[in-house]
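Enquirer: predicted model and sequence follow; I will ask about them next.
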Amino acid sequence: MSFPDGHPLITGPKTGVLLVNLGTPDGYDVKSMRRYLGEFLSDPRVIEAPAWLWKPILHGIILNTRPKKSGKAYEKIWIRETNESPLRFYTRKQADSVAERFKESGVVVDWAMRYGTPSIADGMAALEEAGCRKILVLALYPQYSAATTASVHDKAFDYLKSRRWQPAVRTIDGFHDHPDYIAALAGSVRAHLRDKPEPDMILCSFHGLPRENLDKGDPYHCFCQKTGRLLAEALDMGPERFRVVFQSRFGPKEWLQPYADKTVEELAKSGTKSIAMISPGFVADCVETLEELAIGLQETFHENGGESFDYIPCLNDQPAMVDLLEGLIRRELGGWVS
Ligand SMILES: C=CC1=C(C)c2cc3[nH]c(cc4nc(cc5[nH]c(cc1n2)c(C)c5CCC(=O)O)C(CCC(=O)O)=C4C)c(C)c3C=C
Ligand SMILES: [Fe+2]
Ligand SMILES: [Fe+2]
């Protein structure tokens, strides 16, 4: 087909999928950490305080102290071979595996990060350049929250604001109770604990959120509880052996309770000898799971008298995770792709 000179490019009507996770620094040096944390913590979906109050705290205190401290945490879990964080490593692997499943149907699959690189705008632009006129944005958070899922969607729609000829866009608001997700988690727990003595307690740890977000109507807390309940049922475990906790508190305010660190300490002090920890809110291992749980809380448990601590990895690029993503995408592309 030929167009008159200067005519905008008219591309083929393909369908694209953009997998998006939270984001991660490009390096664990202070400069990269500051850039990443600066972008992350300037998002009003993450910090809901008024800008006049928050900006001086962020630029005057947090960005002068946290980059160094958090950089040390990232350094412990950095993947040297590919020089990237685990979150980026596993997100790319997930996208590659999902792309393989859609090769036949011509669906283009790419990935992006809400903060840092590759950006959502670059990911959307790449899909458009590949000829996609229909795009599914899949935020990789099983439990919807405004701080995560809505923020991804905001950013995708910000990109659309810059487009004269916008593609059609769909989003997906979570999958906290999807049967394949629960089955994948249960399978992962069973596989990890096979051939090991049964732990006294399984702690199911979700990233926290300020308590006031729940009071304002954010459903995240309820979705975490539901995932926890369904997983406990799938494992046939009662509350005496399975508990939901919340990790990664940030700032001085109250966050969702019970806190993971306090619970681990109390369990160890009151005689629990073995625990296994799973973190179903993260579909890919990251600093919050590998450093905070697998290293930090393991130390807390042992320091307080616990004996055996087992960290169960995230679903990452396990086949069950790829199956789950493929199924979600096929469902959400209904009417777009046969
Ligand atoms: C899975 C859901 C997540 C929710 C909900 C969430 C809320 C939330 N997070 C912060 C502050 C920080 N989070 C940080 C890291 C981080 N957070 C998530 C996911 C959720 N956050 C992930 C997957 C990661 C890891 C990224 C990686 O590169 O591995 C960090 C950075 C690390 C650190 O400095 O501790 C901060 C800061 C807030 C304030 C918040 C809710 C309002
Ligand atoms: Fe976070
Ligand atoms: Fe953390």
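Expert: That came through, no problem. Ligands and ions are numbered 1, 2, ... in the order given.
Enquirer: now do the contacts for the residue lying closest to residue 271 once chain neighbours are set aside.
Expert: In this structure, residue 271 finds its nearest non-sequential neighbour in residue 305, 7.6 Å apart by C-beta to C-beta, 6 or more residues apart in numbering. No exception for glycine: its C-beta is placed from N, CA and C like everyone else's. Residues near residue 305 by C-beta atoms under 8 Å, 6 or more residues apart in numbering: 268, 269, 271.
Enquirer: how about residue 305, phi and psi?
Expert: Here is the backbone geometry of residue 305 (degrees, to the nearest 10): phi 110, psi 0.
Enquirer: shaky segments in the stretch 201-338 of the chain?
Expert: Of all residues in the stretch 201-338 of the chain, none has pLDDT under 70.
Enquirer: one step back: so which of the contacts of residue 305 sit within helices?
Expert: Secondary structure from DSSP state H places 268, 269 of the contacts of residue 305 in helices.
Enquirer: would you mind checking the contacts of residue 305 for buried ones?
Expert: Using 16 or more other C-beta atoms under 10 Å as the burial test, these include residue 268 as buried.
Enquirer: got the contacts of residue 305 as a markdown table, with distance to residue 168 columns?
Expert: Below are the contacts of residue 305 laid out as a markdown table (distance: C-beta to C-beta, whole Å):
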| residue | distance to residue 168 |
| --- | --- |
| 268 | 53 |
| 269 | 56 |
| 271 | 58 |
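Enquirer: pull the contacting residues for the nearest residue to residue 290 once chain neighbours are set aside.
Expert: Spatial nearest neighbour of residue 290, chain neighbours left out: residue 77 (4.2 Å); criterion: C-beta to C-beta, 6+ apart. The neighbours of residue 77, taking C-beta under 8 Å, 6+ apart as the test, are 85, 86, 287, 290, 291, 295.
Enquirer: test my guess that the second one contacts residue 79.
Expert: Yes: proximity of residue 86 to residue 79 meets the contact threshold set by C-beta atoms under 8 Å, at 6.0 Å.
Enquirer: and for the closest residue to ligand 3 within the stretch 101-250 of the chain, the neighbour number?
Expert: Proximity to ligand 3, evaluated over the stretch 101-250 of the chain using C-beta to the ion, is greatest for residue 248 at 4.1 Å. Here the number of neighbours of residue 248 (other C-beta atoms under 10 Å) works out to 20.
Enquirer: read off the pLDDT value for the residue in the stretch 1-150 of the chain that ligand 3 sits nearest to.
Expert: When scored by C-beta to the ion, the stretch 1-150 of the chain has residue 73 as its residue closest to ligand 3, at 7.0 Å. Here the pLDDT value assigned to residue 73 is 98.
Enquirer: nearest residue to it in space, please, no chain neighbours.
Expert: residue 291 (4.4 Å).
Enquirer: now do residue 326
Expert: Nearest to residue 326 is residue 101, by C-beta to C-beta, 6+ apart, at 4.7 Å.
Enquirer: so that neighbour touches residue 324, yeah?
Expert: No: with contacts counted by C-beta under 8 Å, residue 101 stays clear of residue 324, the gap being 11.3 Å.
Enquirer: who has more neighbours out of those two?
Expert: Taking neighbours as other C-beta under 10 Å, residue 101 and residue 324 compare with residue 324 leading, 24 against 17.
Enquirer: give the other helices and strands that the strand or helix carrying that one contacts.
Expert: Using DSSP states H and E, residue 324 falls within helix 319-332. The helices and strands touching helix 319-332, judged by 3 or more C-beta pairs under 8 Å, 6 or more residues apart in numbering; DSSP states H and E, are helix 86-101, strand 132-139, helix 179-193.
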